[in-house]
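Colleague: need a 3D model of the following:
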Amino acid sequence: MDVGGVGYLVQVPLSTYAALGELRTEVTLLVHTHVREDALALYGFVSSREKHLFELLLSASGVGPTLARGARRFIHDFAQELRCPDPDATMSLAARADARGWT
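Modeller: This is a model prediction of the structure:
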């Protein structure tokens, strides 16, 4: 991302990436800045809801950005499944949760 001639590396979920549109168009991202002793990372979101969920997950003990990103995606998929049940998708979600040790 280029802001006033300064480039920033901002990690975004696929849902945000898909919503960005064409290259070189103006976009607005809500950014979470994650500061550690040895690193500074930026995470961008198109909606305050996505950003809030990410930050809520980060507030849990032992949850870092990588786990929060994965869990956020899983929660999104699970919510979609609750709205529109598909037995194959449910099995896929259950397998993903089991693989991550979330069951």
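Colleague: for this protein, what spans make up the strands?
Modeller: Along the chain, counting by DSSP state E, strands occupy 2-3, 6-7, 10-11, 30-35, 40-45.
Colleague: dump those strands into CSV; add mean pLDDT as well.
Modeller: What follows is the strands of the chain, written out as CSV (pLDDT from 0 to 100):
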stretch, mean pLDDT
strand 2-3, 73
strand 6-7, 83
strand 10-11, 88
strand 30-35, 92
strand 40-45, 91
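Colleague: can you put the ones you listed in CSV and add distance to His52 and mean neighbour count?
Modeller: (C-beta placed from N, C-alpha, C; glycine too.) Formatted as CSV, those follow (distance: least, C-beta to C-beta, whole Å; neighbours: other C-beta atoms under 10 Å):
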stretch, distance to His52, mean neighbour count
strand 2-3, 23, 8
strand 6-7, 27, 8
strand 10-11, 17, 16
strand 30-35, 9, 14
strand 40-45, 9, 17
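Colleague: make a markdown table from the ones you listed and add distance to Pro65 to it.
Modeller: Output for these, formatted as a markdown table (distance: least, C-beta to C-beta, whole Å):
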| stretch | distance to Pro65 |
| --- | --- |
| strand 2-3 | 21 |
| strand 6-7 | 20 |
| strand 10-11 | 8 |
| strand 30-35 | 5 |
| strand 40-45 | 6 |
